[in-house]
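Enquirer: Test case, fold it:
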Amino acid sequence: MASWISMNEACELLGVRPQTIYAYVSRGKLEVAPDPADTRRSLYRAEDVAALAKRKQAGRKHETVAANTLFGAEPSIPTALTAFFRGRPYYRGRDVISLSASATLEDVAQLLWNAEQAVDFSSPEAAPGKPGRALAFTALAGLAAEGHSTRGRLTRVLHGEGQRLVGLVANAFGARQGSKPLHVRLAQGWKQPPEVAGLLRTAMVLLADHELTGSAFAARIAASTGASLPACLLAGLTTLSGPLHGDASGRVQALFGEVERLGEDKAIDHYLSTGLALPGFGHHIYPDGDPRAAALLALFEPSKMITRFIEQATQLTGLQPNIDVALAALVAHHQLPADAAFALFATARSVGLLAHSLEQLGVAQVIRPRGRYVGVMPDMPQGRAGSAQ
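Expert: Predicted coordinates:
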């Protein structure tokens, strides 16, 4: 059971002021709860405070600070887009799980982009070719090569360009053209009934952003240089395509294939007996379970085989399925296109990547981390004759 301490105790243990405690809470580093003895006060999770104190003791040399900042000991980029509170994600203070019950991706884009007008993804553009990520990346690359810098342009103009880019990505993944909401057009393009369109809507709302991920950081780096909006989006999406990021559901789909061939017992034994982690189980941000996965899995019933596998894997590992398992199960249950999980992820996250790019424009500084050289030292030239030795 968690233990809780007061503000004064947390400040004393960390050697910080209350403002810093509030910042830790807003960044999801410190869990807070109302004091049952006085609802005007708050209590802070002692285990979180202890973990933060341990990090502070790691040393404050320049190299340590730089490495820790880059690799996540402390957030290095302020953002008002997404944060985590009590194990749940929030878009600009709005509970994402609650939003997913009724909001569309267009609604979320308006929220994350802080747009004054309603967002419309009915892009008239449709690049010729076979639907898929190759078509999406190729179309974006062409626009990036000729795109205008984001600098010196009004926000509403960039919002309009962002709408067209998300529509372009969706069309490249097979969405039917038209003026209907994006989840409806994707369902139509994939020849799915209206009830599946509702599941696609929920999934994309849950996937639209996830704070400062690797892809968001890549998009922000591009934006900080003044690159065009399609270039920023392409930088983010190519980073998203890695199997340890947005294409992780592909690894889960491969695992489901093993389960189908071998049965859940042998498939799980293969991983656990060799010390391999089961793809799609556990999430470092959600130690008690990914609420996005729970929200999506609650809306449909996966096959008996997948259900048994999830139950057994959870029992043996103690880890809950994350959003990658939910996406892979959705694709399998409704026989969506093979790359549909990544298509949903990439289309939805395009909204978040553009939000990060737009937010970064308000910072007049190029993101330029410094390298810490650890290679072979060069041969240094000899000192001039007569110099002091």
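
Enquirer: max-length strand in the chain?
Expert: The longest strand of the chain (DSSP state E) is strand 38-45.

Enquirer: Report the strands that pair with that one, each with its relative direction.
Expert: Take DSSP bridges as the rule and strand 38-45 pairs in its sheet with strand 4-5 (antiparallel), strand 32-35 (antiparallel).

Enquirer: residues making contact with the first one?
Expert: Meaning strand 4-5. Contacts to strand 4-5, defined as CB atoms under 8 Å, 6 or more residues apart in numbering, come from residues 13, 33, 43, 44, 45, 46, 49. For the C-beta atoms, the positions are set from N, CA and C on the backbone; glycine is no exception.

Enquirer: sorry, back to before: let's have the strands paired with strand 38-45 in a markdown table, adding mean pLDDT and distance to residue 57.
Expert: Listed next are the strands paired with strand 38-45 as a markdown table, based on pLDDT from 0 to 100; distance: least, CB to CB, whole Å:
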| stretch | mean pLDDT | distance to residue 57 |
| --- | --- | --- |
| strand 4-5 | 88 | 18 |
| strand 32-35 | 82 | 23 |
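
Enquirer: tell me the contacts of residue 208?
Expert: 91, 105, 108, 109, 112, 348, 349, 351, 352.

Enquirer: Compare these and tell me which is most surrounded.
Expert: For these, neighbours were counted using other CB atoms under 10 Å, and residue 351 has the most, 30 neighbours in all.

Enquirer: any idea how far that residue lies from residue 260?
Expert: Distance from residue 351 to residue 260, counting by CB to CB, to the nearest Å: 33 Å.

Enquirer: Residue 113 now?
Expert: Residue 113 is 41 Å from residue 260, where distance means CB to CB.

Enquirer: Same drill for those two, tell me which one is more crowded.
Expert: Neighbours were counted for residue 113 and for residue 260 using other CB under 10 Å; residue 113 has more, 21 against 15.

Enquirer: is it true that the more buried one touches residue 156?
Expert: No. In terms of CB atoms under 8 Å, residue 113 does not count as a neighbour of residue 156; the distance is 10.2 Å.

Enquirer: low-scoring stretches of the stretch 101-250 of the chain, by residue?
Expert: For the stretch 101-250 of the chain, the stretches with pLDDT under 70 are 125.

Enquirer: residue ranges of the helices in it, please?
Expert: In the stretch 101-250 of the chain, the helices defined using DSSP state H, counting those that start in this stretch lie at 105-112, 133-146, 155-172, 182-189, 194-207, 214-224, 229-240, 248-262.

Enquirer: Show me what the last one is packed up against.
Expert: Counting contacts by 3 or more CB pairs under 8 Å, 6 or more residues apart in numbering; DSSP states H and E, helix 248-262 is packed against helix 264-273, helix 304-317, helix 323-334, helix 340-360.

Enquirer: tell me the most buried of those helices?
Expert: Most buried of the helices and strands packed on helix 248-262 by mean neighbour count (mean count of other CB atoms under 10 Å) is helix 340-360; its value is a mean of 27.

Enquirer: That one - what's its average pLDDT?
Expert: Helix 340-360 shows a mean pLDDT of 98.

Enquirer: okay, that helix in CSV with CA atoms only?
Expert: Extracted C-alpha coordinates of helix 340-360, given in CSV (Å, rounded to 0.1, in the frame of the first residue of the first chain):
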residue,chain,number,x,y,z
ALA,A,340,-4.2,-1.2,-40.5
ALA,A,341,-2.8,-1.0,-36.9
PHE,A,342,0.1,1.2,-38.1
ALA,A,343,-2.3,3.1,-40.4
LEU,A,344,-4.5,4.0,-37.5
PHE,A,345,-1.5,4.9,-35.3
ALA,A,346,0.2,7.1,-38.0
THR,A,347,-3.0,8.9,-39.1
ALA,A,348,-4.0,9.7,-35.5
ARG,A,349,-0.6,10.6,-34.3
SER,A,350,-0.1,12.9,-37.2
VAL,A,351,-2.5,15.2,-35.3
GLY,A,352,-0.2,15.1,-32.2
LEU,A,353,3.0,15.5,-34.3
LEU,A,354,1.6,18.6,-35.9
ALA,A,355,0.5,19.9,-32.5
HIS,A,356,4.1,19.5,-31.2
SER,A,357,5.5,21.2,-34.4
LEU,A,358,3.1,24.1,-34.0
GLU,A,359,3.9,24.5,-30.3
GLN,A,360,7.6,24.4,-31.0
